[in-house]
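*Asks:* Test case, fold it:
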Amino acid sequence: MNRRLENKVALVTGAGSGLGAATAARFAEEGAHVFLTDINLDSVASIATAITDAGGKATARRQDVTDEADWDVLMQEIITAEGHLDILVNNAGIVITGTVESTSLSDWRKTQAVNLEAVFMGTRAGVSVMKVNGGSIINISSIEGIIGEALTAAYNASKGGVRIFTKSAALHCAKEDYNIRVNSVHPGYILTPMVTDGIGSLAPEVAAEMHANLMREIPLKTMGEPLDIANGCLFLASEESKYMTGSELVIDGGYTCR
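*Replies:* Model (predicted):
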């Protein structure tokens, strides 16, 4: 039996660690040739090597997702190498903690550039090469694109933007009959460097209180693992989700049920 992504070509941004690394590895296990990009070339090259050592197909490349011109170059490189792109996961992201009062304008703009503007540029670039043969675009938002958190004002705004932008792109692609599905994934608290570093950046007493509160508020009483999100992305990348577009896939241990 064919693997779920056999003969597919996928691009995963921010694939040097965390959710991106897990998603790229999962896609490769299911037969895709995965292009992995990250601002840190050494980290993404290491992930790509691990994938190829395990028998998968992977190509690593450095990418600053905020560089508009490089998106076009990257798309051309993929088309030249493989002839098509079937799956795009806009995963690259950052979090800078700060309330509405303490967040600087520079931190606000940096967060929007990586988390929201890059998703727009990536989606636009993906549509430009997918509209001939169709495909699946998966934008990584967050539960904090649905609910608020006082300590992450800029992050909330960026991920909320990803959520509603995804629906706009999905409607456009459907109207134009491109056969491109565009969906968003909303992870809860997952054990990734972004989450652990974000909590670790807080004062010790604040971090301890936050962790205790999370364990009380997550109905399943544990943080998720990157593989939990990778499996969700695999579902959206595969034909199993062929009737989904503009949807929000929430994977959060029940956190947003309340």
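
*Asks:* alpha carbons only for contacts and neighbour counts from here, please
*Replies:* OK.

*Asks:* can you give me the strands for this structure?
*Replies:* Along the chain, the stretches classed as strands by DSSP state E are 9-12, 33-38, 57-62, 87-90, 135-140, 180-187, 248-251.

*Asks:* Check which strands are paired with the third one and give the direction for each one.
*Replies:* Just to be clear, that refers to strand 57-62. strand 33-38 (parallel) (DSSP bridges).

*Asks:* Can you show me the CA trace of stretch 91-106 as CSV?
*Replies:* Extracted C-alpha coordinates of stretch 91-106, given in CSV (Å, rounded to 0.1, in the frame of the first residue of the first chain):
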residue,chain,number,x,y,z
ASN,A,91,5.5,27.1,10.4
ALA,A,92,8.3,29.5,11.1
GLY,A,93,7.5,31.7,14.1
ILE,A,94,8.7,33.5,17.2
VAL,A,95,7.3,34.6,20.5
ILE,A,96,8.4,37.7,22.4
THR,A,97,6.7,38.0,25.7
GLY,A,98,5.1,41.3,26.7
THR,A,99,1.8,42.9,27.6
VAL,A,100,0.1,45.7,25.8
GLU,A,101,2.0,48.1,28.0
SER,A,102,5.5,46.5,28.0
THR,A,103,5.8,45.5,24.4
SER,A,104,8.0,47.8,22.3
LEU,A,105,7.0,48.8,18.8
SER,A,106,10.1,47.1,17.5
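
*Asks:* can you give me the mean pLDDT across it?
*Replies:* When pLDDT is averaged along stretch 91-106, the result is 97.

*Asks:* same deal with stretch 227-243?
*Replies:* Taken as a whole, stretch 227-243 carries a mean pLDDT of 98.

*Asks:* Over to stretch 67-77?
*Replies:* Taken as a whole, stretch 67-77 has an average pLDDT of 98.

*Asks:* now swap in stretch 197-211 and tell me
*Replies:* Here stretch 197-211 scores 79 as its mean pLDDT.

*Asks:* buried ones in that stretch?
*Replies:* 198-199, 207 (16 or more other Cα atoms under 10 Å).

*Asks:* The closest residue to Ala207 other than its chain neighbours and Val95, how far apart?
*Replies:* Setting aside the residues directly before and after it, Ala207 is nearest to Ile199 in space (Cα to Cα, 6 or more residues apart in numbering), at 5.6 Å. According to Cα to Cα, to the nearest Å, Ile199 and Val95 sit 10 Å apart.

*Asks:* repeat for His84
*Replies:* The spacing between His84 and Val95, counted by Cα to Cα, is 32 Å.

*Asks:* Same question for Tyr178.
*Replies:* For Tyr178, the distance to Val95 equals 33 Å [Cα to Cα].

*Asks:* go on, Gly161?
*Replies:* For Gly161, the distance to Val95 - Cα to Cα - is 15 Å.

*Asks:* what's the answer for Leu234, then?
*Replies:* The spacing between Leu234 and Val95, counted by Cα to Cα, is 24 Å.

*Asks:* What of Ala25?
*Replies:* Note on Ala25: its distance to Val95, by Cα to Cα, is 23 Å.

*Asks:* Also Arg181?
*Replies:* Here Arg181 is placed at a distance of 27 Å from Val95 (Cα to Cα).

*Asks:* Same question for Ala24.
*Replies:* For Ala24, the distance to Val95 equals 21 Å [Cα to Cα].
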